[in-house]
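Undergrad: build me a structure from this.
(chains A, B and C)
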Amino acid sequence: MSELLRVVNLKKYFYTKTGFFGKKEVIKAVDNVSFIVKEGETLGIVGESGSGKTTLGKCLLRLVEPTSGEIYFRDVNILKLDRKELKKIRRNMQIIFQNPYSSLDPRMKIGKIIEEPLKIHGVSVSERSKRVYELLDLVGLPRSFTRRYPHMLSGGQRQRVAIARALALNPKIIIADEPTSALDVSIQAQILNLLKELQKIYGLTYIYISHDMGTIRYMSSRIAVMYYGKIVELGNKKEVFDSPFHPYTIELLQSVPVPNPRKRKIKNLKDISYEKFVAVNNDGGCIYYLRCPFANSRCKDMKVELRELEKGHFVACLRAKGNYTRQIKLSTE
Amino acid sequence: MSSQVVVEKYEQIEEKEIEQEIKREFIKELSESKYFLFGGTIFFVVITMAILAPFISPYDPIAQNMRETLQPPSAKHFLGTDPFGRDVLSRIIWGSRISLIVGIFSVFFAIVIGVPLGVIAGYFRGKVDMIISRILDVMLSFPGIILAIVIMAVLGQSLNNVILAVSISMVPRFARLARGQTLSIREKEFVLAAVSLGASHFSIIKNHILPNILTPIIVQSTLSLGSAIIVEASLSFLGLGVQPPTPTWGAMLNLGRQYLFTAPWMAYSAGLFITLTVLGFNLLGDGLRDVLDPKMRRT
Amino acid sequence: MGTLLEVRNLKTYFHTRKGIIHAVDDVSFTIKEGEVFGLVGESGCGKSMTALSILRLVPFPGKIVGGEILFRGKDLLKMDEEEIRKIRGRKISMIFQDPNTSLNPVFKVGDQVDEIQYIHFPQKALKEIKENTIRLFKKVGIAKARIRRDEYPHEFSGGMKQRTMVSMSIANIPDLLIADEPTTALDVTVQARLIRLLLKLKEEYNLSILLITHNLGLVAETCDRVAVMYSGKIIEESDVYELFDNPLHPYTKGLLNCIPRVDRDIDYLQAIKGYVPENYGGWNKCMFFDRCDFAFDRCKLSVPNLKRIRKDHKVRCFIYE
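TA: This next block holds a predicted model:
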């Protein structure tokens, strides 16, 4: 598999002022993030609110201008492109948004919505209507839907429309930003399966962003775990889920309720005082330091970088050493 | 293959039915709105009056008849006559033309100038927005009527200038509305989606922003029609409007004021028509908003 | 364990332009003392409306049109306004989904917790109430309670706000706590902490909890008994172990099959086809009919009954009739 997307030291800082006389604050939404995406794979990016995963997704398409860094799509640095060149690149990179109720223009008929990308990129009229029907077939919607307005569709149907629109230009890579979090579980499965099928047919590459560990595991081949703007763990699905290194990944996994009453675990979770739980210390050491049950004095001050602990399995933790965290994990369970 | 065709046809029929049903529902909702019906009726009557003025007015509105001055309402002169012996009813009927022309044209021009200004300010924000907004603030700090008076005093009296004055006084409200609406629409995800598809600013404004801010602008324009008529009447009342002897409601009201105790019918009938027309337009706007807004919420 | 709450044939209808939606369509269940009862279903199945009906808080244009809600033997639906007010927040309290809108932004957090106590116990000294609020804050894990009580809701994070809501809901030591999707707006790690807290409080105060959720994982973690709702009706009710070991209704099976799991790899999720219907005018067939893989003619023609199959396991499906 060849490399399709390379992200190098990407940063997005937001500057805010708290209050009238307040001091300026920097929010590091995306902080020095690097990774590569290979052709045909699905990179899952998982994180909780405030982890910067959505901002990261938008930065990749330059829907948000990154503060610094480089994003290469097949050796072309996207961040150096002008408007015209960017438009060309956008044929290859598409995004599906979280909320299908706001990502479709309520005043446009479905046909027009799916046609829009084709129109923008100068596809002829006859070609366009043919392609719109093709796309509707592909996402499993009746062709007659072209004449409907979005409000006449259910959430799942709308998300199918959004997928059709993203596919219209035959992109190479699709960024799916929580595409099912606004949908019911029974509908979620339909959409996830559709995305998987489309990937098989077209050899698509996905960046799948979500806060939901379950859908991440189902969709992704590799996974990046984000915590307050940083990637703290990166590796193949199997490794990240079944033998995670980073204490945060472990905490995430332990927090997800599993639909099996015989394996109850939330009752037995370790207590963390709420103050520590939400605290983020920005300077110097590990961002997870205060919340981490394994932290020692080194974690407080030493700079933590993502390092390869096993082949293809990266972690940003000083304490992680081969099987070390795994053993601790077992002892707390 | 043939079954496929049948299915498609069936679907098309179904879709047509759905579309028709939406239209039917819309019409039903309109017809159930009392405001809309009442306002619409008045609107219709005034429009008809203005268009058919030459045919329905019993007398020439500017022909003076010194033998029949200040006649009270009678079978011959339904609403009486004025000090120059002109038939008040005929002058009311012809006066509706001026009111409507001024109303419609000034609202039209106000939209043509105001909405693009507002959309540009709201869409691009930053310095452009700063400049446009400050200019609007300055305009808004004058009451509309005073602004119109100043413009009339500078430009002189004519129908065109009245329209110009009234439109300029109404530009800020449209610009403000358009700016506010644009600000909220441009934050919606479907705009971001269009950006991600490579759409230009122009096509985003044309295809996404404008259709989505249309409803409130339609409602606002109906409401503004009423206030445009008031501004026109006020200008005429002050003697700054269209020149006599052209019949306008405002001038008739002013003339009637001088004879309020001896010949009240002049002031009363002009006042009544101004009130009814403005009320009608306002109700029409309210009715439209009631029917169009829940649609917005549902989408 | 004695019976705390018994809902019998509850019907809550919504009169809309398009027709009457039977949001809660003849629903019956009982909650025992000290029990966690889960009401599960997707959006629009009527689970939230059932919860709101218990406290008679159904929003316009909804209306409770029939049934009984017996709380310790007394029918809540027959009480006058004064009586039901004494129940709300005192004997039965509620936590809502969105902590960001359930606190009043212009009052201090602590004062809001004081208020709920003052309303029901106006004779208590204010000092005592304030002390109690601080105790409550400590109990729900809000540190520096003395300082924190004077802050405003916007200074609290989502998880903290929900903790504040929990402290309000237990302030008067109620018998029943209704939690309507209490963690849906929260992150998983925060959710886990909150659920843990609720379970701890349940033990401490011998609370009964009615948990409304769409998350079957959460149900498995917390509940003793579960009812699954679909289109206004309960379609399966059972002991929690029984439900997950041996689900009977095709919808329940479908729901369990379409959850992506964290604990194992799945190649293909068995999705339920079709979309969730709205219940206009009540059931005239099995409403799951067109999404069901096992449906046969009878399902289209009549409505199945909620039938007891085993001890404490009921299902509404013709397959089992």
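Undergrad: quick check: mean pLDDT of stretch C:50-70?
TA: Averaged across stretch C:50-70, pLDDT comes to 92.
Undergrad: before we move on, what about stretch C:125-138?
TA: Averaging pLDDT along stretch C:125-138 gives 92.
Undergrad: quick one: buried residues of that stretch?
TA: Neighbour-count burial for stretch C:125-138 flags C:Ile129, C:Lys130, C:Asn132, C:Thr133, C:Ile134, C:Leu136, C:Phe137 (criterion: 16 or more other Cβ atoms under 10 Å in any protein chain shown). Heads up, the C-betas are built off the backbone N, CA and C, glycines and all.
Undergrad: host element of the third one?
TA: To tie it back to what came earlier, the one meant is C:Asn132. With elements taken from DSSP states H and E, the one containing C:Asn132 is helix C:126-139.
Undergrad: and that helix, how far from the chain's centre?
TA: 27 Å (Cα atoms, centre = their mean, to the nearest Å).
Undergrad: convert the C-alpha atoms of that helix to CSV, please.
TA: Extracted as CSV, the C-alpha positions of helix C:126-139 are listed here (Å, rounded to 0.1, in the frame of the first residue of the first chain):
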residue,chain,number,x,y,z
LEU,C,126,-31.2,28.4,55.6
LYS,C,127,-27.9,27.7,57.2
GLU,C,128,-28.7,24.0,57.6
ILE,C,129,-29.8,23.9,53.9
LYS,C,130,-26.6,25.5,52.8
GLU,C,131,-24.5,23.1,54.8
ASN,C,132,-26.5,20.2,53.3
THR,C,133,-25.8,21.5,49.8
ILE,C,134,-22.1,21.5,50.5
ARG,C,135,-22.4,17.9,51.8
LEU,C,136,-24.3,17.0,48.7
PHE,C,137,-21.6,18.5,46.5
LYS,C,138,-19.0,16.5,48.3
LYS,C,139,-21.1,13.4,47.9
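Undergrad: which members of the buried residues of stretch C:125-138 are the farthest-apart pair?
TA: Pairwise distances among those were taken by Cβ to Cβ; the largest, 12.8 Å, belongs to C:Ile129 and C:Phe137.
Undergrad: give me the three-state assignment for the residue nearest the centre of chain A.
TA: If you average the C-alpha coordinates of chain A and look for the closest C-alpha using Cα atoms, centre = their mean, you land on A:Ile209, 2.0 Å from that point. State at A:Ile209, reduced to three classes by DSSP: H, G, I helix; E, B strand; the rest coil: strand.
Undergrad: ok, it touching A:Ser181?
TA: No: counting by Cβ atoms under 8 Å, A:Ile209 stays clear of A:Ser181, with 9.9 Å between them.
Undergrad: now for those two: what residues contact both?
TA: Contact criterion Cβ atoms under 8 Å, 6 or more residues apart in numbering or on different chains; no residue bridges A:Ile209 and A:Ser181 by contacting each.
Undergrad: what does chain A have sitting close to chain B?
TA: Taking Cβ under 8 Å from any Cβ of the partner chain, the part of chain A that reaches chain B is made up of A:58, A:61, A:63, A:86-87, A:90-91, A:94-95, A:97-99, A:102-108, A:116-117, A:120-121, A:142-144, A:147-152, A:162, A:165, A:169.
Undergrad: run the last query once more with 6 Å
TA: Taking Cβ under 6 Å from any Cβ of the partner chain as the test, the list of chain A residues beside chain B reads A:61, A:63, A:87, A:90, A:95, A:97, A:102-107, A:117, A:120, A:142, A:144, A:147, A:151.
Undergrad: sorry, back to before: look up how far chain C lies from the residue nearest to the centre of chain A.
TA: As for A:Ile209, its distance to chain C is 15 Å (criterion: Cβ to the nearest Cβ, to the nearest Å).
Undergrad: what's the neighbour count on residue 116?
TA: No chain in the question, so chain A it is. Around A:Glu116 there are 23 other residues, counting by other Cβ atoms under 10 Å in any protein chain shown.
Undergrad: that's the wrong chain, I wanted chain C
TA: Other residues within reach of C:Ile116, judged by other Cβ under 10 Å, total 20.
Undergrad: does it lie in a helix or a strand, and which?
TA: With DSSP H and E as the test, C:Ile116 turns up in helix C:109-120.
Undergrad: could you check the angle helix C:126-139 makes with that helix?
TA: Direction vectors for helix C:109-120 and helix C:126-139, defined by axes from the mean of the first three to the mean of the last three Cα atoms, to 10 degrees, enclose an angle of 120 degrees.
Undergrad: so what does helix C:109-120 touch, helix or strand wise?
TA: Secondary structure elements in contact with helix C:109-120, counted by 3 or more Cβ pairs under 6 Å, 6 or more residues apart in numbering or on different chains; DSSP states H and E, are helix C:126-139, helix C:158-170.
Undergrad: any idea which of the ones you listed gets closest to chain A?
TA: Distances from chain A to each of these were compared using Cβ to the nearest Cβ; the shortest belongs to helix C:158-170, at 6.9 Å.
Undergrad: how about that closest one as PDB, C-alpha atoms only?
TA: The C-alpha trace of helix C:158-170 is given here as PDB (Å, rounded to 0.1, in the frame of the first residue of the first chain):
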ATOM      1  CA  GLY C 158     -20.700  19.400  31.300                       C
ATOM      2  CA  GLY C 159     -19.900  16.500  33.700                       C
ATOM      3  CA  MET C 160     -19.900  18.900  36.700                       C
ATOM      4  CA  LYS C 161     -23.200  20.300  35.700                       C
ATOM      5  CA  GLN C 162     -24.700  16.800  35.500                       C
ATOM      6  CA  ARG C 163     -23.200  16.100  38.900                       C
ATOM      7  CA  THR C 164     -24.900  19.200  40.200                       C
ATOM      8  CA  MET C 165     -28.200  17.900  38.700                       C
ATOM      9  CA  VAL C 166     -27.600  14.600  40.500                       C
ATOM     10  CA  SER C 167     -27.000  16.500  43.700                       C
ATOM     11  CA  MET C 168     -30.300  18.300  43.200                       C
ATOM     12  CA  SER C 169     -32.100  15.200  42.400                       C
ATOM     13  CA  ILE C 170     -31.100  13.400  45.600                       C
END
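Undergrad: and the strands in the chain?
TA: Using chain A here. Counting by DSSP state E, chain A has strands at residues A:3-17, A:24-38, A:42-46, A:68-73, A:76-77, A:93-96, A:173-177, A:205-210, A:222-227, A:230-236, A:307-310, A:313-315.
Undergrad: other chain: chain C
TA: If DSSP E is used as the criterion, the strands of chain C fall at C:3-16, C:19-32, C:36-40, C:62-71, C:74-75, C:92-95, C:176-180, C:208-213, C:225-230, C:233-239, C:307-310, C:313-315.
Undergrad: for chain B, find the nearest of the ones you listed.
TA: Within the strands of chain C, the stretch nearest chain B is strand C:3-16; the backing value is 11.7 Å (Cβ to the nearest Cβ).
Undergrad: what strands line up against that closest one, and which way round?
TA: Its sheet considered, strand C:3-16 pairs with strand C:19-32 (antiparallel), strand C:62-71 (antiparallel) by DSSP bridges.
Undergrad: got a list of contacts for the first one?
TA: Taking Cβ atoms under 6 Å, 6 or more residues apart in numbering or on different chains as the criterion, the residues outside strand C:19-32 that touch it are C:1, C:3-14, C:37, C:46, C:49-50, C:208, C:227, C:232-234, C:279-282.
Undergrad: understood, closing this out.
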